[in-house]
Every structure is written in C-alpha cells, then in structure tokens.
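In: return atomic coordinates for the entry below.
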Amino acid sequence: MIRQESHSVAMGYILWIFGFMGMHRFYYGKPISGTIYFFTLGLVGIGWLVDLFLIPSMDREADLRFAPGPIDYNIAWILLVFLGAFGVHRMYMGKWLTGIIYLLTGGVFLLGILYDLWTMNEQLSLINTSA
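Out: Now for the predicted structure:
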C-alpha cells in the first residue's frame with residue numbers, strides 16, 4: 001500500500017524563500033527551530049542555506065509523522081502564512097468560530113497566529129484522523 005503524503009517538497013521550497021523567518025521549519029513540524037530561525041534570521045542566513053539541502057529529508061519525516069486526509073496541509077499552511085490574521089486557515093479547517101474571532105481581532109492580536117504556527121500540523125493531523 002502506498003502511503004499518501006501530508007506535506008510537499010515543493011511547498012517546503014516555497015516556504016524556504018521565507019526561511020529566514022523559519023516558515024519552512026514550522027511547516028515541517030519543527031516549531032522550536034522555526035522560532036530560533038525567526039529571531040536569528042535563519043541563523044544569520046547560514047542555517048537557511050543549509051536547509052536548502054535538508055528539505056527533502058524534513059519532508060519525508062513530516063510525511064511519516066502527520067496523518068494525511070481530507071484537510072490539505074498545503075492549503076492550510078498557505079492560508080496561515082499569507083492570511084493568518086484573517087482566520088481563513090481556521091475556517092478552512094472547519095473551526096468557524098475561532099476563524100471569525102481571528103478575523104475580528106487580527107489573529108487574536110497575532111498571538112493566535114504564533115500558536116497556530118506551533119500547532120498547525122498537530123491540529124490538522126487530529127482533524128484528518130477523526131474524519
């Protein structure tokens with residue numbers, strides 16, 4: 001049986017462009033290093049360049065760790081990264097109430113976005129396994 005992928009190498013490289021902010025690391029379920037990259041600008045650019053070669057292995061690890069399903073990780077992450085303050089990613093996941101709260105409060109004053117960066121993969125995996 002072929003296992004369905006949860007994450008995408010192409011998406012990893014798209015988010016790697018914003019790697020100095022750690023977005024690709026958050027995407028692959030590495031919130032601690034993502035936060036470090038955010039505050040150090042990708043370890044002063046060195047870690048960001050090294051990750052250019054590490055993305056395929058981070059993708060394989062994420063595919064094994066997180067459950068695929070009806071809610072697409074790539075769409076949810078695009079919505080979080082580019083429209084997070086409007087709560088669109090939460091509405092996409094079926095969390096309409098918190099999505100509307102994010103919309104009215106700017107992502108609960110950006111703290112909710114930080115929470116989602118740290119926990120998005122786990123939230124999606126939980127939704128996908130219960131679907």
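In: quick one: contacts for the residue most central in space within the chain?
Out: Relative to the mean C-alpha position of the chain, the nearest C-alpha, by CA atoms, centre = their mean, is the one of Tyr27, at 3.2 Å. Going by CB atoms under 8 Å, 6 or more residues apart in numbering, Tyr27 touches His7, Met11, Gly12, Leu15, Ala62, Tyr73, Trp77, Asn121. Placement of C-beta: from N, CA and C, glycine included.
In: nearest to Phe109, of those?
Out: Of all the contacts of Tyr27, the one with the least separation from Phe109 (CB to CB) is Trp77, at 21.4 Å.
In: and the closest one, what is it in contact with?
Out: Met11, Leu15, Tyr27, His89, Met120.
In: mind checking pLDDT for it?
Out: In this model, Trp77 is scored at 97, pLDDT.
In: what's downstream of the host helix or strand of it, the next helix or strand?
Out: Here Trp77, judged by DSSP states H and E, is contained in helix 73-83. Downstream of helix 73-83, the first helix or strand assigned by DSSP H and E is helix 88-92.
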